[in-house]
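[1] predicted structure and sequence below. I'll ask about it afterward.
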Amino acid sequence: MIRSTFSVIILATCFLAKGQYTDQINSNRPGRSIGAFAVGKKVVQAEAGFAIKRYSHSGYNNSTFNGGISFLSLRWGFLKETLELTYQAQFLSGNLASKITTEQIIIPKSGFLENFIGLKYLLFDPFKRERKANPYSWKSNNSFKLRDLLPAASLILGSNINFEKNNPFPFNNVFGNIYRPVFFQNLNVTQDKEPFAHLRATLATQSHFLNSWVFVTNLTYDRYLTKYPEKSYIFTLTHALNELWSVYLEHHGIKSDLYSDGLFRLGAAYLFGNNIQFEGTIGSSLKDTPNQLLLNLGISYRLDFHKDFQSSAELEFKKLKREEKQLKKTLKKNSKSERKRNRKAKS
């Protein structure tokens, strides 16, 4: 989610003209959506955490899967402000409780749900041109304007790599190896197998309005060239309560021939420093085939090697300071020479 929880709000409020980079961390967390803006050139950022998740499936006699998900996202801004290299991973470990037979069977399972490598490129930036603030009107600077809804847009292209020879969660299906033995064996139905790689494309948009609100959308076509291509959308609305705290609400819709769902997430983020953000989320799905419950905590941290942007006013000010310093040196030197001449004249 956002996706720049705090920095995009500062970006919207101050009408920064320096592109992707912001003084505060620009995180896609909390939530699952991806913001339109990159981290900025020469910025390396990690977003990591742990989630407790419970699945239950009414179609398998209410079989359950209880486990923990470790997630990691690495982002690197390179070559230009509008370009970012990203890696996203999720590793799930837990116990599958199969209840399709008379006696419950516990099956330990662990493996990757995601290993995505891709590039993000900013297609359109509504803040590229600086908007001048009106020093005589607070209302003019803070009132809602239709142009504030004009979103930034970026495209993310990449591939999910299946490193495991026998993925225990094919197509992210935690119940993939449960079936009714007699019926399915007679039909020669085998367990789904995910290919080594498949393609993903996401269109991300990001709008800012009323100084403290950010709206992000993601439209994704995933698992292209596989047996079960998947379409999904994410809508994320974030509100900054103050300079340190923000809250968000998110809806995530998924549709494929194998699985469809609608999930809701609610959470908050706390800005601990310009380069550190903490976050937490609770979430649930609306259906029971399967049903999902989620609780997660995470942290975002960046290494900032970005060369700070300097406006023309700042450059002019530094130039004047240098000239002032040089003038003082010249006056001091001339004063010293004058004193020497006076001493020689007296002698």
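    Alright, I've got the coordinates. Residues are numbered from 1 along each chain as shown.
[2] now the host helix or strand of residue 72, how far from the chain's geometric center?
    Per DSSP states H and E, residue 72 falls inside strand 63-77. Distance of strand 63-77 from the chain centroid (CA atoms, centre = their mean, to the nearest Å) equals 14 Å.
[3] in its sheet, what does that strand sit against?
    With DSSP bridges as the test, strand 63-77 is paired with strand 43-57 (antiparallel), strand 83-98 (antiparallel).
[4] for stretch 256-264, measure first residue to last.
    End-to-end span of stretch 256-264 (CA to CA, to the nearest Å): 18 Å.
[5] before we move on, back to that, avg pLDDT for the strand holding residue 72?
    Averaged across strand 63-77, pLDDT comes to 95.
[6] for it, buried residues please.
    63-65, 67, 69, 71, 73, 75-77 (16 or more other CB atoms under 10 Å). Heads up, the C-betas are built off the backbone N, CA and C, glycines and all.
[7] could you do stretch 228-237 as well?
    Buried-residue list, stretch 228-237, by 16+ other CB under 10 Å: 228-230, 232-234, 236-237.
[8] cool, stretch 236-249 as well?
    Buried-residue list, stretch 236-249, by 16+ other CB under 10 Å: 236-238, 240, 246, 248.
[9] and if you look at stretch 76-90?
    Here stretch 76-90 shows 76-77, 81-90 as buried, counting by 16+ other CB under 10 Å.
[10] hang on, the earlier thing: now, among the buried residues of stretch 228-237, which is nearest to residue 272?
    residue 236 (21.4 Å; CB to CB).
[11] quick one: strands adjacent to the helix or strand containing that closest one?
    If you go by DSSP H and E, residue 236 is part of strand 230-240. The pairing partners recorded for strand 230-240 under DSSP bridges are strand 213-224 (antiparallel), strand 245-255 (antiparallel).
[12] export these as TSV, with columns for distance to residue 318 and mean pLDDT.
    Shown next, in TSV, are these (distance: least, CB to CB, whole Å; pLDDT from 0 to 100):
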stretch	distance to residue 318	mean pLDDT
strand 213-224	33	95
strand 245-255	34	96
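[13] now distance to residue 154 too, for the ones you listed, in CSV please.
    Listed next are those as CSV, based on distance: least, CB to CB, whole Å:
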stretch, distance to residue 154
strand 213-224, 10
strand 245-255, 18
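[14] and the strand of greatest length in the chain, what's buried?
    Ranked by number of residues, the top strand in the chain under DSSP state E is strand 105-124. Neighbour counts using 16+ other CB under 10 Å place 109, 111-118, 120, 122 of strand 105-124 among the buried residues.
[15] which of those sits closest to residue 262?
    For these, the nearest to residue 262 is residue 113 (18.8 Å; CB to CB).
[16] my guess is that closest one meets residue 171, correct?
    No - with contact defined as CB atoms under 8 Å, residue 113 does not reach residue 171; the gap is 9.8 Å.
[17] same for the top helix by length along the chain, what does it pack against?
    In the chain, with assignment by DSSP state H, the single longest helix is helix 312-346. Contacting helix 312-346 under the criterion 3 or more CB pairs under 8 Å, 6 or more residues apart in numbering; DSSP states H and E is no other helix or strand.
[18] centre of the chain to it, how far?
    52 Å.
[19] now stretch 97-109
    Distance of stretch 97-109 from the chain centroid (CA atoms, centre = their mean) equals 36 Å.
[20] ends of that stretch, what's the gap?
    11 Å.
[21] domain boundaries for the chain, per the record?
    The record's domain split for the chain, according to automatic domain parsing, is 7-309, 316-347.
[22] where does pLDDT dip in the protein?
    1-20, 129-148, 179-190, 307-316, 344-347 (pLDDT under 70).
[23] one step back: distance to residue 51 for the buried residues of strand 105-124 - can I get that in CSV?
    As requested, these are exported to CSV (distance: CB to CB, whole Å):
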residue, distance to residue 51
109, 16
111, 16
112, 15
113, 11
114, 13
115, 17
116, 17
117, 22
118, 22
120, 23
122, 29
